[in-house]
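Asker: sequence unknown, structure follows:
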């Protein structure tokens, strides 16, 4: 039997039956607050029974309180199927060949009206079926490696992804795009920066803050920008491609070891920290913002180092942190600890004995700063000098998450503390820099023409 009132119950179901209106109807609803026209959507099975959900012509959804409804008139009816068909991608010999790896996340998601949640259901084929502009940029092939949100991405997925990238490069691909959830994209970008070294082609990670069925979704434009970077950019590194400003003016290409998600919901959530982005990208051009990047090559050589030790912890120091926090890590067999310390890299004195126990147990301990911008300087104050004398190693200006990923990668290759230290403190792809540029701390960072004009005029 067809359910004409999907998800509705109680007072809301009574109203639908009273006016003989079905879910997916285009309806005109007359209320005490005015008239509203749109499509009646299914309700989440977990929602209340006091509202109807209406999708307006703008694409946005509103809730209409049942007790305000005076009349509903059904104008038309066509049951919607939220399924975008996969399309066979047109191939041209004159266009670059790009591989899209799907891992999941919001960019590969849509709304499940049964639960009201965003679910990872779009396949990569559906993604480019929904964005025909991609055919103007490249020949796109897809492979769905995972279908998980980014909080479920981890070392197992990093290794599979790194090996898959290596295989595609050796086959002769011109560029790689990775669809990924935004929450931990910077972790995966860092992992791939260490696991996939000296690639001859761009490796571009992309996501979206808003799912594909929302009018304000950034999914399509992010995909267009990422495909353009993979196909045409001269930058052969692991990068993150996302909105620059909150509007759709341009995207930024961020180096995989210096990028971080900085806002929970803004479309411009990703920022380069302690540096400037590699480039800005618009639909028809790419403008480099830095000169010191690894460039595209014609060979098929790439170095793949698929290693990771899972027993590594990232501890964010807070005032009055107790020694048992460190002890529990030691007791559970962890081999490495990265601390995000205060200021120049500090923790309180009560932690010192626990840190010494960790170091004597062979645990590698590295210090970063929770300020994100700036360097660890543990020799400035007595507390820092005390920790260094015990064996805690400053991690320069590595971001905490990057240091965590790099320590897991290093410990996956060796147990020798000196070799681990050498791997950790030898820059591989910008995770440690000699200095931070004067404009690396700005929210709207240097190199972008509009910002440069502002700085020259107002910021002397």
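Answerer: Okay, I see it. Just so it is clear, the structure is predicted and the values come from calculations on it, not from any experiment. Numbers count the residues shown, from 1 in each chain.

Asker: can we go C-alpha only for contacts and neighbour counts from here?
Answerer: Fine.

Asker: Pull up the distance across stretch 418-435, start to finish.
Answerer: Distance between the two ends of stretch 418-435: 25 Å, counting by CA to CA, to the nearest Å.

Asker: State the mean pLDDT of that stretch.
Answerer: With pLDDT averaged residue by residue, stretch 418-435 scores 97.

Asker: pLDDT below threshold where in the protein?
Answerer: Per-residue confidence for the chain (pLDDT under 70) gives these ranges: 1-4, 6, 44-45, 79-88, 106-129, 211-215, 442-447, 454-460.

Asker: In it, what residue spans correspond to helices?
Answerer: For the chain, the helices defined by DSSP state H cover 10-18, 124-130, 155-171, 185-195, 219-232, 323-331, 352-360, 382-390, 400-411, 417-425, 449-458.

Asker: which residues sit in contact with the residue most central in space within the chain?
Answerer: Nearest to the mean C-alpha position of the chain, counting by CA atoms, centre = their mean, stands residue 182 at 2.3 Å. Residue 182 makes contacts with 105, 106, 150, 206, 207, 208, 209, 261, as judged by CA atoms under 8 Å, 6 or more residues apart in numbering.

Asker: just residue 427 next, same as before
Answerer: Going by CA under 8 Å, 6+ apart, the list of residues near residue 427 reads residue 433.

Asker: so how far is residue 192 from it?
Answerer: Remark: distance between residue 427 and residue 192 (CA to CA) = 14 Å.

Asker: Mind splitting this protein into its structural domains?
Answerer: The record, using automatic domain parsing to delimit domains, assigns the chain the ranges 10-77, 97-304, 312-411.

Asker: now the strands for the stretch 51-200 of the chain?
Answerer: Along the stretch 51-200 of the chain, the stretches classed as strands by DSSP state E, counting those that start in this stretch are 51-55, 61-65, 69-77, 97-102, 110-112, 117-119, 139-144, 175-179, 196-197.

Asker: now the second one against strand 51-55, angle please.
Answerer: Going back to what we said before, that points to strand 61-65. Comparing the axes of strand 61-65 and strand 51-55 via axes from the mean of the first three to the mean of the last three CA atoms, to 10 degrees yields an angle of 150 degrees.

Asker: which other residues reach strand 61-65?
Answerer: 50, 51, 52, 53, 54, 55, 56.

Asker: Need the max-distance pair from those.
Answerer: When those are compared pair by pair using CA to CA, the farthest-apart members prove to be 50 and 56, with a separation of 18.9 Å.

Asker: Now render the strands of the stretch 51-200 of the chain as CSV, adding distance to residue 317 and mean neighbour count.
Answerer: Putting those into CSV (distance: least, CA to CA, whole Å; neighbours: other CA atoms under 10 Å) gives the following:
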stretch, distance to residue 317, mean neighbour count
strand 51-55, 45, 22
strand 61-65, 42, 16
strand 69-77, 54, 16
strand 97-102, 35, 24
strand 110-112, 37, 18
strand 117-119, 33, 17
strand 139-144, 38, 19
strand 175-179, 33, 29
strand 196-197, 31, 22
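
Asker: Switch the ones you listed over to a markdown table; also include distance to residue 349.
Answerer: Formatted as a markdown table, the entries for the strands of the stretch 51-200 of the chain read as follows, by distance: least, CA to CA, whole Å:
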| stretch | distance to residue 349 |
| --- | --- |
| strand 51-55 | 56 |
| strand 61-65 | 54 |
| strand 69-77 | 64 |
| strand 97-102 | 46 |
| strand 110-112 | 49 |
| strand 117-119 | 45 |
| strand 139-144 | 49 |
| strand 175-179 | 44 |
| strand 196-197 | 39 |
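
Asker: for those strands, which one sits closest to residue 232?
Answerer: Put simply, out of these the one that sits nearest residue 232 is strand 175-179, at 8.3 Å, with distance taken as CA to CA.

Asker: Tell me the strands beside the closest one, with direction?
Answerer: In the sheet, strand 175-179 lines up against strand 97-102 (parallel), strand 203-206 (parallel) (DSSP bridges).

Asker: before we move on, back to that, do you know which of the strands of the stretch 51-200 of the chain lies nearest residue 401?
Answerer: Among the strands of the stretch 51-200 of the chain, the nearest to residue 401 by CA to CA is strand 196-197 (17.8 Å).
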